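[1] Generate coordinates for the sequence data below:
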Amino acid sequence: MKINDSIKNNLGLGVDKTGAEKTGAGKKTEKSQSNAKLAENVTLSPISAQLQALEAKIAGDNAFDVEKVAAIKLAIASGQFNVSSEKVADGLIETVKDLLKKT
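    You can find the predicted model right below:
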């Protein structure tokens with residue numbers, strides 16, 4: 001899976017460069033001094049605060065039930081896991097219906 005910057009681009013986020021960095025002018029000492037000044041005056045946009053809140057929420061949520069997965073693994077390993085062909089068929093039919101509705 002390729003990861004790209006589509007989310008950043010859709011939100012209009014980007015790196016804002018100083019005038020010296022845009023033109024490429026200035027000495028190394030001036031750049032380091034301007035970078036030090038920039039580091040002291042960092043402010044976050046409301047979007048970045050929302051992004052941090054979403055990241056915290058995602059990190060705290062499990063995408064699946066760990067206990068249920070462990071129980072299924074144990075049932076498969078012991079040979080006690082049963083597959084209901086009726087449930088599988090019903091699920092396939094519902095998926096096909098959903099796909100046909102979208103087109």
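[2] mind checking which helix or strand of this structure has the lowest mean pLDDT?
    When the helices and strands of the chain are scored by mean pLDDT, DSSP states H and E, helix 19-23 comes last with a mean of 48.
[3] Just give me the longest helix of this protein.
    In the chain, taking DSSP state H as the definition, the longest helix is helix 85-102.
[4] Quick one: the strands in this structure, in order.
    Along the chain, no stretch is classed among the strands by DSSP state E.
[5] show me where pLDDT drops low in it?
    Confidence mapping of the chain against pLDDT under 70 gives the ranges 1-39.
[6] Helices of this structure, start to end?
    6-11, 19-23, 28-40, 46-60, 66-78, 85-102.
[7] can I get the CA coordinates of the longest one in CSV?
    I take that to be helix 85-102. Provided in CSV are the C-alpha atoms of helix 85-102 (Å, rounded to 0.1, in the frame of the first residue of the first chain):
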residue,chain,number,x,y,z
SER,A,85,-22.6,-22.2,5.2
GLU,A,86,-25.9,-20.4,5.5
LYS,A,87,-24.3,-17.4,7.2
VAL,A,88,-21.5,-17.3,4.6
ALA,A,89,-24.0,-17.5,1.7
ASP,A,90,-26.2,-14.8,3.3
GLY,A,91,-23.2,-12.6,3.7
LEU,A,92,-22.1,-13.1,0.1
ILE,A,93,-25.6,-12.3,-1.2
GLU,A,94,-25.8,-9.1,0.9
THR,A,95,-22.4,-8.0,-0.4
VAL,A,96,-23.4,-8.6,-4.0
LYS,A,97,-26.7,-6.6,-3.4
ASP,A,98,-24.7,-3.7,-2.0
LEU,A,99,-22.3,-3.7,-4.9
LEU,A,100,-25.1,-3.8,-7.4
LYS,A,101,-26.8,-0.8,-5.7
LYS,A,102,-23.7,1.3,-5.9
